[in-house]
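Asks: Kindly generate the corresponding structure for this input.
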Amino acid sequence: MRQEQRLAAILGKLADAGSVTVTGLAEDLGTSVASIRRDLQSLEEQKLLKRTHGGAVAAEVIYELPLRYRVGRREEKRQIAEAAARLVGESVHSVGLNGGTTTTELARLLAGTRQLKVVTNALNIASDLCPRPTIDLVVTGGGVRPESYELVGPIADRALAGISLDLVFLGVDGIDSRGGITTHDEVEAHTDHCLLRTADRVVVLADGSKVGKRAFSRIAGIADVHVVITDSSAPAEELERLRAAGVEVVVA
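Replies: Numbering: from 1, shown residues only. Model (predicted):
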C-alpha cells in the first residue's frame, strides 16, 4: 500500500472512531509501526489529526480534507458521474466544471466523447483533459487553493465574467433546500458562484453525505440549481424538499 493510500485509510478510520492506535493501524494496514508513526507525523503537520502517546485523535478543529485524501464513496461518485455524463447530449457544446472528486470523475468520462468545450478552474481536471484531442479546454487562471487544486479569487472570477456555457456541473460540500449550495471556503464559494452564473443550466453533483448539510460559505440559493444528482444514501425527506423547491432530483 502506497503512503497516500495509508494516509487516506488512517483519516477514514479516525473519522469513524475518533481515535486510532499505532499498533492497530500497523496490523490493519499491513505495514510497520515505524511507517505508521511517520504517517501520523505527516498528518499532524497538515493539522488533520493530533498525535497522542501510542496513537492519534481527531483534530479539535475540523479541517477540510484535502482532495488527494478523499477516497470514500468511490462507487457512488462513479455512478453520479455516469448519470451526469448522460446529460451532455448532442445539443450541449460547452460545459463548466469546478474541482472535486466527482467532477474529476465526470471529466474523465467526458474526455472520451465527442468534441466539447470544457471550462474549468481545477488544475487536476485541466491536467487530465489537456492531452485529449476532442476537448477544447479553457482554464480560468487564479490563485491556487491546495486543498482542492482549484484556481480561485479575482483573476478566476474575471475570466468567468465574459463567457456563456450550456451546462455547469458543480461539486459542493453541502446542499440544503433552505440554505442552498455551500462549500468550506468563502473565496472558492465566490468563484463557484461566478462559474454558476455562466450557465443556462446548473447541475449539482453531491453524494448522499452532502445532502441536507451546510458548509461555511454559500455559493448560491436553491433557486439557482436546476438538477441535483445524488445516490441512494441521501435522506429521502430532504430530496422531497428539494423537489418541492423546484429542483429536479436524479438518484444514480
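
Asks: Same question for stretch 45-53: list its buried residues.
Replies: Neighbour counts using 16 or more other CB atoms under 10 Å place 46, 48-49 of stretch 45-53 among the buried residues. For glycine as for every other residue, the C-beta is placed from the backbone atoms N, C-alpha and C.

Asks: Any chance of TSV for these, columns secondary structure?
Replies: Below are the buried residues of stretch 45-53 laid out as TSV (DSSP: H, G, I helix; E, B strand; the rest coil):
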residue	secondary structure
46	coil
48	coil
49	strand
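
Asks: now, which of those sits nearest residue 57?
Replies: residue 49 (6.8 Å; CB to CB).

Asks: Check that closest one and give its pLDDT.
Replies: At residue 49, the predicted lDDT confidence score is 84.

Asks: wait, it sits on residue 43?
Replies: Yes - with contact defined as CB atoms under 8 Å, residue 49 reaches residue 43; the gap is 4.9 Å.

Asks: Who are the contact partners of residue 201?
Replies: 166-168, 226-227 (CB atoms under 8 Å, 6 or more residues apart in numbering).

Asks: And the contacts of stretch 134-142?
Replies: Under CB under 8 Å, 6+ apart, the answer for stretch 134-142 is 110-121, 123, 126, 129-130, 150-157, 159-160, 163, 191.

Asks: In helices, which of those appear?
Replies: 110, 123, 126, 129, 154-157, 159-160, 191 (DSSP state H).

Asks: returning to that earlier point: any residues in contact with both of residue 49 and residue 43?
Replies: Counting by CB under 8 Å, 6+ apart, the common neighbours of residue 49 and residue 43 are 10-11, 56.

Asks: that's a strand at residue 57, yeah?
Replies: Yes - using three-state DSSP, the assignment for residue 57 is a strand.

Asks: right, and it touches residue 15 too?
Replies: No - if you go by CB under 8 Å, residue 57 and residue 15 don't touch, sitting 11.7 Å apart.

Asks: I'd like the shared contacts of residue 49 and residue 43 laid out as CSV, including neighbour count.
Replies: Output for these, formatted as CSV (neighbours: other CB atoms under 10 Å):
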residue, neighbour count
10, 23
11, 23
56, 25
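
Asks: Spell out, range by range, the helices that occur in the stretch 1-150 of the chain.
Replies: 3-17, 22-29, 33-45, 74-85, 101-110, 123-129 (DSSP state H, counting those that start in this stretch).

Asks: what's the most buried one of those?
Replies: Compared across the helices of the stretch 1-150 of the chain, helix 101-110 shows the largest average neighbour count, a mean of 22 (mean count of other CB atoms under 10 Å).

Asks: And the residue lying closest to residue 107 once chain neighbours are set aside, how far from residue 50?
Replies: Closest residue to residue 107 apart from its sequence neighbours, by CB to CB, 6 or more residues apart in numbering: residue 125 at 4.5 Å. Per CB to CB, to the nearest Å, residue 125 is found 33 Å from residue 50.

Asks: Point to the residue nearest the middle of this protein.
Replies: Centroid check for the chain by CA atoms, centre = their mean gives residue 100 as the closest residue, at 2.6 Å.

Asks: Return the residues in contact with that one.
Replies: Residue 100 is in contact with 67, 122, 148, 171-172, 205, counting by CB under 8 Å, 6+ apart.

Asks: if we can go back for a sec, isn't the residue nearest to residue 107 up against residue 101?
Replies: No - contact criterion CB under 8 Å: residue 125 and residue 101 do not qualify, at 10.9 Å.

Asks: can you count the residues close to residue 153?
Replies: By the other CB atoms under 10 Å criterion, the neighbourhood of residue 153 contains 19 residues.
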